[in-house]
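**Q** Just to be clear, the model below is a prediction. Sequence and coordinates:
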Amino acid sequence: MNRESVIGNRLTRYQTNHQFRIDMAQKSEKVGVVVSNKMQKSIVVAVEWQVRHGLYGKTERRTSKFMVHDEKNEAKIGRHASRSPRPRPMSRRKRWALARVVRKTAEV
């Protein structure tokens, strides 16, 4: 019996591969805080995550900054923005595009 032909309660190979692609697309979308929006159609997003120290076990914060393409100039400093990868680079440092503004902050 072939694996593709088993349909009962299981998923077919196509469905599992399709689900895997969707899951990977969602994982590659990251959320960070807008640090700078001084450029036209570009923003800088800082993504922060926690890593445990190898020897001492204390958790430490790591931060990476990414240049993100913002077509409509809708992201402001301090807002949480979601970014997703582009199929090809837009410039030397810009490889991401703004997917959506997740959480807005109060206007100051």
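**A** Here it is on my side, so go on.

**Q** Lys41 - how many residues pack around it?
**A** 14 (other C-beta atoms under 10 Å). C-beta here means a position set from N, CA and C on the backbone, and glycine is covered the same way.

**Q** Surely it touches Ala75?
**A** No: if you go by C-beta atoms under 8 Å, Lys41 and Ala75 don't touch, sitting 10.6 Å apart.

**Q** Tell me which residues of stretch 91-101 come out buried.
**A** Buried residues in stretch 91-101, defined by neighbour count with 16 or more other C-beta atoms under 10 Å: 94-96, 98.

**Q** try stretch 77-88
**A** So for stretch 77-88, counting by 16+ other C-beta under 10 Å, buried means 79-83.

**Q** Give me the subset of the residues you listed that lies in helices.
**A** Among those, no residue falls in helices (DSSP state H).

**Q** Rebuild those as JSON lines, extending it with pLDDT.
**A** Listed next are the buried residues of stretch 77-88 as JSON lines, based on pLDDT from 0 to 100:
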{"residue": "Arg79", "pLDDT": "90"}
{"residue": "His80", "pLDDT": "89"}
{"residue": "Ala81", "pLDDT": "89"}
{"residue": "Ser82", "pLDDT": "87"}
{"residue": "Arg83", "pLDDT": "84"}
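
**Q** Can you pick out the most distant pair from those residues?
**A** Arg79 and Arg83 (12.3 Å; C-beta to C-beta).
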